[in-house]
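A.B. asks: Here is a sequence together with a model predicted from it:
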Amino acid sequence: MMLELDGVQRVFRDGHPIYALRETNLGVAQGDYVTITGASGSGKSTLLNVLGLLDTPTSGSYKVLGHETTDMDEQWRGALRGQLFGFVFQAFHLLPGRSALENVELGMIYGAVHRKRRRDLAMTALDRMGLSARAASDPRTMSGGERQRVAIARAIAGGPSVLFCDEPTGSLDSANTGVVLDVLEGIHQEGMTVVVVTHDPVVAGRGLRRFEVLDGRVSESLTNIQR
Ligand SMILES: Nc1ncnc2c1ncn2[C@@H]1O[C@H](COP(=O)(O)OP(=O)(O)OP(=O)(O)O)[C@@H](O)[C@H]1O
């Protein structure tokens, strides 16, 4: 199993305890295309953050490729995250005043990749996103769909095993949503594991395994069981 949550809880303390995730069991296999839906505040982002090693469970076990992560120190967790995971967020998080190519390269700056190799990987990733002609462009001059494709290029350039996307189409119109969904499908077909959090049923519908979060409880959608 690529990712395996077992009895995971995430409790925030804000005066009183907030049970963002309760007794969560979830396995993601290599090559899965998982979508996670749920109402606002149900715990979707918390689930993605825990899976992406951006946050730590309060209790329970979380294994990545069989390695228990809950007792790793932050340096190990960071190394694992940098090596295995790529992230895409709703708000793109691209640096203005830097070219698309530089933005993609910056995603690999903490790795051990040589500068020249970083540039080649960044160019290849932009090319895969159909954006090689815009490599020198400032993201501020690009459309929302193009910006998100630059962000996806940044996330995949270093060759992660899992791509995590938190509301990747939340800032896009329906045409650009379709383009980004096609891109994610292509990435999945090439073998990457894809995990997408979304409140949009159209986006959720593209997943091959669909989960729903309700008040911190995660359940697999019936459509998977019938499949
Ligand atoms: N750092 C935090 N401190 C306190 N409470 C938090 C924190 N992060 C999340 N929560 C709470 O945990 C619950 C789950 O939040 P989460 O962001 O995971 O929901 P979500 O389903 O992603 O919501 P949305 O769709 O609105 O982004 C909510 O009640 C939220 O207020």
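C.D. replies: Good, I have the coordinates.
A.B. asks: For stretch 205-219, give the mean pLDDT please.
C.D. replies: Mean pLDDT, computed over stretch 205-219, is 95.
A.B. asks: ok now it, how far from the chain's centre?
C.D. replies: Distance, stretch centre to chain centre, for stretch 205-219: 15 Å (C-alpha atoms, centre = their mean, to the nearest Å).
A.B. asks: now do stretch 145-155
C.D. replies: 12 Å.
A.B. asks: Name the residues that touch it?
C.D. replies: For stretch 145-155, contacts defined as C-beta atoms under 8 Å, 6 or more residues apart in numbering pick out 86-89, 92-94, 100, 103-104, 106-107, 122, 125-126, 128-131, 134, 139, 142, 163, 168-169, 171-172, 175-176, 179-180, 183-184, 187. (Glycine included, C-beta is placed from N, CA and C.)
A.B. asks: Enumerate the residues of this structure near the ligand.
C.D. replies: 12, 14, 18, 20, 38, 40-46, 199 (C-beta under 6 Å from any ligand atom).
A.B. asks: looking at this protein, which helix or strand does the model trust least?
C.D. replies: helix 222-226 (a mean of 57; mean pLDDT, DSSP states H and E).
A.B. asks: The helix or strand where Met123 lies - contacts with which helices or strands?
C.D. replies: Met123 belongs to helix 115-128 when assigned by DSSP states H and E. Here helix 115-128 touches helix 100-106, helix 144-156, going by 3 or more C-beta pairs under 8 Å, 6 or more residues apart in numbering; DSSP states H and E.
A.B. asks: can you state the direction angle for it and helix 144-156?
C.D. replies: 140 degrees (axes from the mean of the first three to the mean of the last three C-alpha atoms, to 10 degrees).
A.B. asks: Show the average pLDDT along helix 115-128.
C.D. replies: Helix 115-128 comes out at a mean pLDDT of 94.
A.B. asks: all numbers from here: first residue = 895
C.D. replies: Let's use 895 as the start, then, which means that last one is helix 1009-1022.
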